[in-house]
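*Asks:* Dropping the sequence and predicted coords here.
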Amino acid sequence: MLNLSSYNGNQYVGVFSCANENISLIPVDSSDTLVNDLESALQVKCIKMNIASTNLIGALVAMNSYGAIVASMASDSEVEMLSRHLAVYKLDDRYNAAGNNILVNDRGALINPDINPALYRDIADTLQVEVVAGTIAGQNIVGSMAAATNKGMLCHPDSTKAEFEVLHSVLKVKPAIGTLNYGSGMVGACIVANSKGGAVGFRSTPIELGRVEDALGIF
């Protein structure tokens, strides 16, 4: 299922929320509408919380079914709450907005090349996947430039063939290009998805929704 949605009127739902196959993290002030949109489309349980005392969960958390990488500014109480559900690693790096800088599914992770390579092992151990540095559409903020599930991947329209080859090798799903929110190529900021469904910004057009359904195998 694919639902049009927003976070309190903001169509960039991927900035404020993230999900794996079992749970979705959403800000504490999220509306019941967002909860219903996510739980019905993704078939997950929504957990209300903040990260680093902000509502920018999707920007600050990269998560798959095994673990979560969170910004180093996350508080101990926030980490403890998330640790009840899966392994958590605080990314102590200049580029620690994990959701913006890491694209991950249950098979692999592509990360910002500027992240300290000494941290790759800890990231890989937490997420239980191979970690490779790379770009999407020539940009290092790979988590914002694409959305990946265990069934497919939607990327910025300027993504290159060479980048697609790396993405397919690492995340083990077929990449495709598209936009959301009426022409935004930063699709990772516009969608929350897993292998069962997705919630996308309400400004997305029928053509864009069709591309999402095809790319992520959502029917």
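*Replies:* That came through fine. Numbering: from 1, shown residues only.
*Asks:* helix or strand for Val88, which one?
*Replies:* Taking DSSP states H and E as the definition, Val88 sits inside strand 87-91.
*Asks:* quick one, helices of the protein?
*Replies:* 13-16, 32-42, 57-60, 76-83, 98-101, 120-127, 142-145, 161-171, 206-216 (DSSP state H).
*Asks:* of those, which approaches Met1 most closely?
*Replies:* helix 32-42 (4.4 Å; Cβ to Cβ). (Glycine included, C-beta is placed from N, CA and C.)
*Asks:* so for that closest one, what's the average pLDDT?
*Replies:* For helix 32-42, mean pLDDT rounds to 97.
*Asks:* Could you list the low-pLDDT ranges of this protein?
*Replies:* For the chain, no stretch has pLDDT under 70.
*Asks:* hmm, what's the outermost residue in it?
*Replies:* Largest separation from the mean C-alpha position in the chain: Ala118, at 22.9 Å (Cα atoms, centre = their mean).
*Asks:* For it, give its distance to Arg94.
*Replies:* Look at Ala118 and Arg94: by Cβ to Cβ, to the nearest Å, they are 13 Å apart.
*Asks:* so how far is the strand holding Val88 from its chain's centroid?
*Replies:* Computed by Cα atoms, centre = their mean, to the nearest Å, the chain-centroid distance of strand 87-91 equals 15 Å.
*Asks:* looking just at contacts, which helices and strands does that strand meet?
*Replies:* Strand 87-91 is packed against strand 67-71, helix 76-83, helix 120-127, with contacts defined by 3 or more Cβ pairs under 8 Å, 6 or more residues apart in numbering; DSSP states H and E.
*Asks:* Asn22 and Ser65 touch, don't they?
*Replies:* Yes: counting by Cβ atoms under 8 Å, Ser65 is a contact partner of Asn22 at 6.6 Å.
*Asks:* on that earlier part again, could you export the helices of the chain as TSV, including mean neighbour count and distance to Cys190?
*Replies:* Listed next are the helices of the chain as TSV, based on neighbours: other Cβ atoms under 10 Å; distance: least, Cβ to Cβ, whole Å:
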stretch	mean neighbour count	distance to Cys190
helix 13-16	28	6
helix 32-42	19	14
helix 57-60	29	10
helix 76-83	14	24
helix 98-101	28	13
helix 120-127	18	23
helix 142-145	28	9
helix 161-171	17	18
helix 206-216	18	9
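*Asks:* Relative to Tyr182, which of these is closest?
*Replies:* helix 206-216 (7.6 Å).
*Asks:* neighbouring contacts of the closest one?
*Replies:* Here helix 206-216 makes contact (Cβ atoms under 8 Å, 6 or more residues apart in numbering) with 2, 4, 147, 149, 151-154, 175-182, 191, 193, 195, 198, 200, 204, 218-219.
*Asks:* related to what we said a few turns ago, in TSV: the helices and strands packed on strand 87-91, plus distance to Val187.
*Replies:* What follows is those, written out as TSV (distance: least, Cβ to Cβ, whole Å):
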stretch	distance to Val187
strand 67-71	20
helix 76-83	25
helix 120-127	21
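*Asks:* Distance of the residue farthest from the centre of the chain relative to Val131?
*Replies:* 12 Å.
*Asks:* Also Glu21?
*Replies:* 20 Å.
*Asks:* What of Asn64?
*Replies:* 12 Å.
*Asks:* can you check Leu86 too?
*Replies:* Taking Cβ to Cβ, one finds Leu86 at 17 Å from Val131.
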